[in-house]
Structures are given as C-alpha cells and as structure tokens.
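1. Kindly return the folded structure for what I paste below:
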Amino acid sequence: MGVEEQRAKSWKLLSKKFNSKEGVLKYSLANTFKHELAKFILCWNLGKEGKQVVTEAIFENGSRADVFVLDSGEAWEVLQSETEEQFNKKKVKYPCPVFSFKADDVLNGGVK
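-> Next up is the predicted model:
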C-alpha cells in the first residue's frame, strides 16, 4: 500500500465529529509540561521525515491518541505519569496499533 493510500485509510479511523487537522500540535494543560514537550519532539521528528500526524486524535470509538501517524496508521502515546499497566489497559480500545514512549526517554534524546 502506498503512503497516500495509507493516509486516506488512516483518516477514516478518526471521528468526523471533531475538527482533526494534520500538522497542528494540540496540547492540554491537564498534561505535564514534560508530556507535551515530548509529544512536540516526536511530532517534530516525524515531520522532518516527511510524515503526517494528527495530535490528540479522536477515533470513531472515542479513544484518543497523543499522536496518530497517518503514514503508518499507528497511535503513539507519551507516558509521563501513566504506568505501563495503565497503558496496557487503555491500548485495547485503539482501532490501530499503538506504541508508547516514555517522556523522559524522548526528552533525553533516547527516541528519534
């Protein structure tokens, strides 16, 4: 499947009720600064690779991803205060593959 076809398939997973925009960094003051900064760094690196992302992506089933990579159809979650166990319970709700990144690892340059 080509990248344009994958992007179109990925868009179909998102809820039409919300105004999702590619390449716009949405943030929440309910999250920690480290969480939001790590999310920005992940998006920045993906953008430098030419990939398209939606942040705070809300899927048709109501689940929400920190970062949704349109090019691969993957949800990326930044873990700051959330435990791996909490993440594992949450990820079964996603309609796509989901990966987690520890905010401290991203901020320390351990994730590119």
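2. Just the buried positions in the helix or strand where Lys90 lies, please.
-> With the criterion set as DSSP states H and E, the secondary-structure element containing Lys90 is helix 84-91. Judged by neighbour count using 16 or more other C-beta atoms under 10 Å, the buried positions of helix 84-91 are Lys90, Lys91. (C-beta placed from N, C-alpha, C; glycine too.)
3. so what does that helix touch, helix or strand wise?
-> Contacting helix 84-91 under the criterion 3 or more C-beta pairs under 8 Å, 6 or more residues apart in numbering; DSSP states H and E are the following elements: strand 74-79, strand 98-102.
4. Out of the ones you listed, which gets nearest to Lys39?
-> Each of the helices and strands packed on helix 84-91 was scored for nearness to Lys39 using C-beta to C-beta, and the closest is strand 74-79 (5.1 Å).
5. Show me what the helix holding Lys90 is in contact with.
-> Contacts made with helix 84-91 from outside it, assessed by C-beta atoms under 8 Å, 6 or more residues apart in numbering, are listed as Ser63, Ala75, Glu77, Leu79, Glu82, Val98, Ser100.
6. ok, back up a step: most tightly surrounded among the helices and strands packed on helix 84-91?
-> strand 74-79 (a mean of 21; mean count of other C-beta atoms under 10 Å).
7. can you state the direction angle for that one and helix 84-91?
-> Angle of strand 74-79 versus helix 84-91, following axes from the mean of the first three to the mean of the last three C-alpha atoms, to 10 degrees, is 150 degrees.
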